[in-house]
Every structure is written in structure tokens, then in C-alpha cells.
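Q: sharing a sequence plus its predicted fold:
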Amino acid sequence: MTVESGGATTVVPQDPELIQLLTPEGERVENPDYPLGDVDLKGMYRDMVLVRRIDTEAIALQRQGELGLWASLLGQEAAQIGSGRALSPRDMAFPTYREHGVAWCRGLDPLKLLELFRGVSHGSWDPEEHKFHIYTIVIGDQTLHATGYAMGVQRDGTEDEAVIAYLGDGATSQGDVSEAFNFASVFNAPVVFFCQNNQWAISESNERQSRVPIFQRAAGFGFPGLRVDGNDVLACYAVTQKALKAAREGQGPSLIEAFTYRMGAHTTTDDPTRYRVASELETWKLKDPIERVRVYLARSGQADSSFFEQVDEEAAKLGAHVREACRLLPDPAPLSMFDHVYTGENAILDAERTQYAAYLDTFEEAAR
Amino acid sequence: MSQASTANKLTLSRALNEGLRRSLEADPKVLIMGEDVGKLGGVFRVTDGLQKDFGEHRVIDTPLAESGIVGTAIGLALRGYRPVCEIQFDGFVFPATDQIVSQLAKMHYRSRGKVTLPVVIRIPFGGGIGAVEHHSESPEVFFAHTGGLRVVACADAAEAFSMIQLAIASDDPVIFFEPKRRYWDKCEVDTAASLDSALPLHKARVVLPGDDVTLLCYGPLVRTCTEAAIAAREDGRSIEVIDLRSLSPLDFETITASVAQTGRCVVAHEAPVYTGLGAEIAARVTEECFYHLQAPVLRVGGFATPYPPSRLEDHYLPDLDRILDGVDRAFAY
């Protein structure tokens, strides 16, 4: 359902069949399909606060000219920390370019992400070391990589590994995503498609991407799809964990639609005031993924004020570190541009490198 | 060490089949995937019998989706496999262009060398079989223009047999063009020859030595150019025919060594002349052989039109006469 208001469109959740274990008011909801054992909710809270802090710093760094661009995860912390923590160490994750929270869960230094947005690398971490593929910027492409990787897991005959493919609501319009759904289904590949429906593909709302709720698309491809409260870290954790387990056990793919909200701009170049009303953000602020956990932890006596203060202090320290370290990231050496195009020698490229090196040298000679 | 020669006369299609079989036997990580490659053995029968012998897990009939084939091949390669994808016809590669150009070509570079993608994409290319549209194109230059890809074209059965194995053994992604109108041409192939003795994938080869003019070609036109060179002997003209084999990188060492001797250079390809490989070759040869050249580098090839209806393809494709006309023009300066 959409509400027209002053030329902008407001998205109102259509009474979604939403799996929820922690309400926006911070109350636990029991769901027999998702019994929660021991869950490190305090750790989840900490993670969410820390990645939000990284995000805040990164936006500021972009404004100061230290980053070329930043894609904010504000509002999607629960979807990312919940699903990221559901992964076993051996599971492989294929992110978009906004999965800073999942990266955190995979033990990746946030500076590696900043490198990419600063323009000093294209993302230079080792995907296998972190079980976290490099960021994919072309929308939806990574869903096929995840599916192929899962087909490889299947061929290896390992039973304790699954794959997760992250995607957004806009990506569901891409042909590659439909192809990934179909390949995963016909080959029964152990892959979970985790779609963060943050309601907006830059300026286009869900209605322009799909006439049916995203999770219902899975049925057409022949595998289960469900919708979870994407701002509920417990629900995202439990639902993802169950889907990954099913994948590992040979039950094939599934689609999780994490119903959430992009509280910030698409990226630092975007201006959401041109296409959505301020009241929409205010509505979603009441469903903030971090606040509800804080309320629950405090109310249930699992955490006291010293815990929250400690996390805030840690966030402040991390923020200061990120600020400082980002500014110190050096520009790469010019000739490194020629590295790693091929695995071995390439006469064309090698000649270009030599020629350009000689050209650069002429400046040094002139300076002498 | 010399091995017992087991030279057979094989078609190009069969030679590829034998090469693929060798690779599948040598490395359990090698996979074949594509449309109709399993039970049918491919529309040109290149993968005939391989699924029967290596199983459905290694020779995979995929859904009919080119981007899906290449995209999942990338994922399989990330997992340590070496997929060989078949794109059924040249004109059907374009749905996979994003995965090839934006992902396959760049991932080694983007990851600063931490990821390698040993994926081979086989594409039957070129015209001359009277096909309907989208079945006769020569899209090689799109891929040669993309850093991170290696692009090769085989010309005959013997070359196909070794080149497909070398491509599969390459840790770089390789776009492997097969001259579809030559699939049924036969030649001697030594299927017991060691791959170590094969000409490396990035090298061009002199097919026919000559003194007066260098004629560069690849894929289906190697045979046409060879026939042209033999015909030209009657006019007392000695043409050196070079099969480029590798279209990216081009082997300029071999090219310039020849042109420095002959002083003339003609490039022939089925792809449009306009901004084709011939243009790059002409520019480089001019730079590197300027004082040897008796004439400008000339090009013979397809026109700047879409591929025409097949009843016109004889006019579009460079044949023996048009190639010799190009050679004649090189002597008019």
C-alpha cells in the first residue's frame, strides 16, 4: 500500500507475515518454530552499536573528503548482525556493498572496507580467509557466484558448510537474481538468499520492483521463502540459522526477506528528501533495531548501565581509531595499477608498465 | 623424450572432445557446463559422450541462461573448480557479458591477486554455415578490449586439441573461440603428444613462410589465407601466413619479426574492420616497423553492418579473392 503525500511516496508495511522474536517495544515473543537456546544478546547489542559507530564515522569521513563515497547501513544493523552471527565459521558469505555488519561478524578489519570507499583498493581482503567474498557493486551479480560456490560445496560432498548470498530489494528485479534462484533450485544448492528489503532502491520504492511481496517469489522457483522482521536481531539470527541448517542438510535453497528500513541515504551522494517524506523515517525510528535490544536487556536485568556505558566507550574508541587510521591509509604506488591483472606475464601490459615507469622517471630527473 | 606418435585424422570438433577428455582425466576439478552439453553432447557434438563417462556432476546440463552459466562458473572457480563453459553460439554470449566483463575479468585484479578464476568460455564463432541471425558473429574484440581476459582462437584440429588443454590449465580466464565452419575439417592430430611440447597459448605461429608480405589471420580465415597464399604462388608472390592464435595478448614479437622481413602487412578477420583487431595491429606495426614498411598496413574483413542475412554472407565474409585483393593493394604503393 502506498500513501501519496506532497508528491513523495510513503511505504506502509502491508500487514506482513512477519516473524518476530523481539518487538519494537523490546518485548520477547515466543515462536515455537524458532526456539532460542543460549543467545549472546549482549554481544549482538555490542556488535550493532559498534558497526553503527563505524558507519557514522565513515559518513563523516566522506563529508571531510577522506572517502569518495560511503553506503550507509544505518537501520540495517539487526539484519546484518543477526544473519552474520548465524553463520558457522565454515559458511561462505557473498555480500553486496553495504554488508559492513556482516563483514564485522566475519572478523574483517573495518579499514579494509574504508580502503574501497577511499579508492585505494577495490577491496583487497582474502575472501577465503574470512569466508567473506569481496564486495560486489553490480546489483545482484553475487547471487550467481554464491549459487556456483554452493554447487561446489555440493560437489565436494561436505555436509557442514552452507553459503549465504546477500541482496537488496532492488536486486530482485535483476535477471541474474532470477537466474540464481533458478540454478539454486534445480541443482538443490546449499545457499540461503538473504534479501534486506530496506524499502528503497535509491529513489524507487518496492512497488516499482515487485507486485508481490519479495519472499513470495521463492514459491515460484520451488523453494521456501519467508519474511522476518529485519530490525529484530533475534529473529534474523534464528531464521537464518535455521535456513543455513536446512541447506547444510541437503534441503536446498531458501529465501529470507528481512523487512527493514534504510534510515539514511542510499549513499553519501544521495538526497532522500527528494523522494520520501520525513514522517516515514520517524515511523521507522520507533522500530530501531538497537533501541529495542537495549530496552529488553535493561528491563530483563541482563545488562545494567555499566554494560551500556562500556559499549559506548568502546564505540568511541573504535570511532577514533577508524577516523585516524582512515586518514593514514596511503595512496597506492602508481605502478601497482598494473599488478594482478593476470596471474602471469603479459607482454602488452608489461610493455605499458615499463613505458609508464620511464615516463614517470622523467619527472624525477627534471626535479633533480 | 619422444613418445610413440599416434597421429589420427580428426575433425576439429572431435579434437576438442579429445582435449576436453584429457583435461577431465588429468584434473578432477575440471567441469564442463552449458546448454545441451550432456546427453546431446552439444549442438556441435564437442562434448559428445563426456557426461556418460564423467557423470552429471562433472558434465552439467545447465538451465538455459548464459549469465547464469558464467556467474555460477565464477562461484565454482572460487570454490577451487576449473569450469569450462560452453556458450552455444557467438550471438548468445551477450546475456553473459556483465558476468564476463564486470566479474570474471576483474576479480583477480580487484582482490589484489587473492582470487584466481580459471574459467574457460568456449564460443563457436564466425559465419559461413548459412545460419539464421545471431549464429554467425565474431565478437572477439569486445573481450580483447577487456583487461584481465585472455582471448584465443583455434584454427584447426591439431591446434584445437592442444589449445583447449592449455586454456583449461591457465589460471587466467580464457575466452576460447572455435571456428564453427571448420568443426568438420580434418587434420592429423597427435593425441599422445605431451602438452609440454605444445606451442604456448600466447604465441602466434607461422603457418606458411614467405618473403613478400605478411598475412595475419586467425580462426576460420587461417585456412582461407593459406589457400590464398598457395594460389598467389602462381603469380610469383610469396606470402607469409601467420595464425595469431592469441588475440589478447597479441604476439607482436612474432608479428613484427615477420613484417620487418617482408615490409608489408595485411590483416584479415571476419569481424568488422572498423575498430577491429586489425586496427590495433596496424597501429602497433606502424609504430614498431615504420622504417621497414613498403606500404600501409591494410585490412580485409567484415563490414560495419550487422551480420547480413545468410544469402549475403558470401559478400560479407572475406574469401580468397578479397584477401588477395587486399594483398594486391599492399603492392600498389
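A: Done, it's in. Numbering: from 1, shown residues only, chains lettered A, B, ... in the order given.
Q: how many neighbours does residue 224 have?
A: The chain I'm using is chain A. The burial count assigned to A:Pro224 is 15, neighbours taken as other C-beta atoms under 10 Å in any protein chain shown. Every residue, glycine included, has its C-beta placed from N, CA and C.
Q: the chain in question should be chain B.
A: Neighbour count for B:Thr224, taken as other C-beta under 10 Å: 20.
Q: which residues does the residue of the stretch 1-150 of chain A found nearest chain B contact?
A: Nearest residue of the stretch 1-150 of chain A to chain B, counting by C-beta to the nearest C-beta: A:Gly148, 2.2 Å away. Neighbouring residues of A:Gly148 by C-beta atoms under 8 Å, 6 or more residues apart in numbering or on different chains: A:Phe183, B:Gly71, B:Thr72, B:Ala73, B:Ile74, B:Gly75, B:Leu76, B:Ala77, B:Leu78, B:Arg79.
Q: which of those residues fall within helices?
A: Members of these lying in helices (criterion: DSSP state H): A:Phe183, B:Gly71, B:Thr72, B:Ala73, B:Ile74, B:Gly75, B:Leu76, B:Ala77, B:Leu78.
Q: in a markdown table: the contacts of A:Gly148, plus distance to B:Glu313 and neighbour count.
A: Converted to a markdown table, the contacts of A:Gly148 look like this (distance: C-beta to C-beta, whole Å; neighbours: other C-beta atoms under 10 Å in any protein chain shown):
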| residue | distance to B:Glu313 | neighbour count |
| --- | --- | --- |
| A:Phe183 | 35 | 27 |
| B:Gly71 | 33 | 30 |
| B:Thr72 | 34 | 34 |
| B:Ala73 | 32 | 33 |
| B:Ile74 | 34 | 27 |
| B:Gly75 | 38 | 33 |
| B:Leu76 | 37 | 28 |
| B:Ala77 | 36 | 26 |
| B:Leu78 | 40 | 22 |
| B:Arg79 | 42 | 23 |
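Q: just curious, which of the residues you listed is nearest to B:Asp251?
A: The closest of the contacts of A:Gly148 to B:Asp251 turns out to be B:Ala77 (C-beta to C-beta; 26.3 Å).
Q: can you check what pLDDT the model gives the closest one?
A: As predicted, B:Ala77 sits at a pLDDT of 98.
Q: how deep is the nearest residue to it once chain neighbours are set aside tucked in, by neighbour count?
A: Nearest residue to B:Ala77, sequence neighbours excluded (C-beta to C-beta, 6 or more residues apart in numbering or on different chains): B:Leu117, at 4.5 Å. Neighbour count of B:Leu117, defined by other C-beta under 10 Å: 24.
Q: over to the one 3 residues further on?
A: Here the number of neighbours of B:Val120 (other C-beta under 10 Å) works out to 27.
Q: specify the beta-bridge partners of it.
A: B:Val84, B:Val174 (DSSP bridges).
Q: check which helix or strand covers the residue nearest to B:Ala77.
A: B:Leu117 is part of no helix or strand, with elements assigned from DSSP states H and E.
Q: which residues touch it?
A: Applying C-beta under 8 Å, 6+ apart, one finds that B:Leu117 lies in contact with B:Ile74, B:Ala77, B:Leu78, B:Leu104, B:Met107, B:His108, B:Asp172, B:Pro173.
Q: just A:Ile137 next, same as before
A: Taking C-beta under 8 Å, 6+ apart, we find A:Ile137 in contact with A:Thr96, A:Tyr97.
Q: give the contact list for the closest residue to A:Pro272 other than its chain neighbours.
A: Closest residue to A:Pro272 apart from its sequence neighbours, by C-beta to C-beta, 6+ apart: A:Ala265 at 5.2 Å. Contacts for A:Ala265 (C-beta under 8 Å, 6+ apart) come out as A:Ser72, A:Asp271, A:Pro272.
Q: from chain A, how far off is B:Leu24?
A: 14 Å (C-beta to the nearest C-beta, to the nearest Å).
Q: ugh, wrong one, B:Ile281
A: Computed as C-beta to the nearest C-beta, the B:Ile281 to chain A distance reads 12 Å.
Q: repeat for B:Tyr316
A: Taken as C-beta to the nearest C-beta, the span from B:Tyr316 to chain A is 30 Å.
Q: repeat for B:Lys180
A: In terms of C-beta to the nearest C-beta, B:Lys180 sits 26 Å off from chain A.
Q: any chance of TSV for the ones in helices among the contacts of A:Gly148, columns distance to B:Asp196?
A: Formatted as TSV, those follow (distance: C-beta to C-beta, whole Å):
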residue	distance to B:Asp196
A:Phe183	37
B:Gly71	34
B:Thr72	32
B:Ala73	27
B:Ile74	29
B:Gly75	31
B:Leu76	27
B:Ala77	24
B:Leu78	29
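Q: and of the residues you listed, the nearest to B:Leu20?
A: B:Ala73 (15.0 Å).
Q: domain-wise, how is chain A divided?
A: Annotated domains of chain A cover A:17-328, A:335-367 [automatic domain parsing].
Q: again with chain B
A: Taken from automatic domain parsing, chain B resolves into B:7-197, B:205-330.
Q: okay, these, which one's buried deepest?
A: Ranked by average neighbour count under the criterion mean count of other C-beta atoms under 10 Å in any protein chain shown, these are headed by domain B:7-197 at a mean of 21.
Q: for that domain, how far is the first residue from the last?
A: End-to-end distance of domain B:7-197: 15 Å, with C-alpha to C-alpha, to the nearest Å as the criterion.
Q: can you give me the helices in chain A?
A: A:41-63, A:77-86, A:100-105, A:110-118, A:127-130, A:141-156, A:175-186, A:217-221, A:233-248, A:278-285, A:291-299, A:305-328, A:347-367.
Q: can these go into JSON lines with extra columns for distance to B:Val285 and mean pLDDT?
A: Converted to JSON lines, the helices of chain A look like this (distance: least, C-beta to C-beta, whole Å; pLDDT from 0 to 100):
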{"stretch": "helix A:41-63", "distance to B:Val285": "48", "mean pLDDT": "98"}
{"stretch": "helix A:77-86", "distance to B:Val285": "55", "mean pLDDT": "98"}
{"stretch": "helix A:100-105", "distance to B:Val285": "49", "mean pLDDT": "98"}
{"stretch": "helix A:110-118", "distance to B:Val285": "40", "mean pLDDT": "97"}
{"stretch": "helix A:127-130", "distance to B:Val285": "42", "mean pLDDT": "96"}
{"stretch": "helix A:141-156", "distance to B:Val285": "38", "mean pLDDT": "98"}
{"stretch": "helix A:175-186", "distance to B:Val285": "41", "mean pLDDT": "98"}
{"stretch": "helix A:217-221", "distance to B:Val285": "53", "mean pLDDT": "97"}
{"stretch": "helix A:233-248", "distance to B:Val285": "56", "mean pLDDT": "98"}
{"stretch": "helix A:278-285", "distance to B:Val285": "62", "mean pLDDT": "95"}
{"stretch": "helix A:291-299", "distance to B:Val285": "68", "mean pLDDT": "98"}
{"stretch": "helix A:305-328", "distance to B:Val285": "48", "mean pLDDT": "98"}
{"stretch": "helix A:347-367", "distance to B:Val285": "14", "mean pLDDT": "91"}
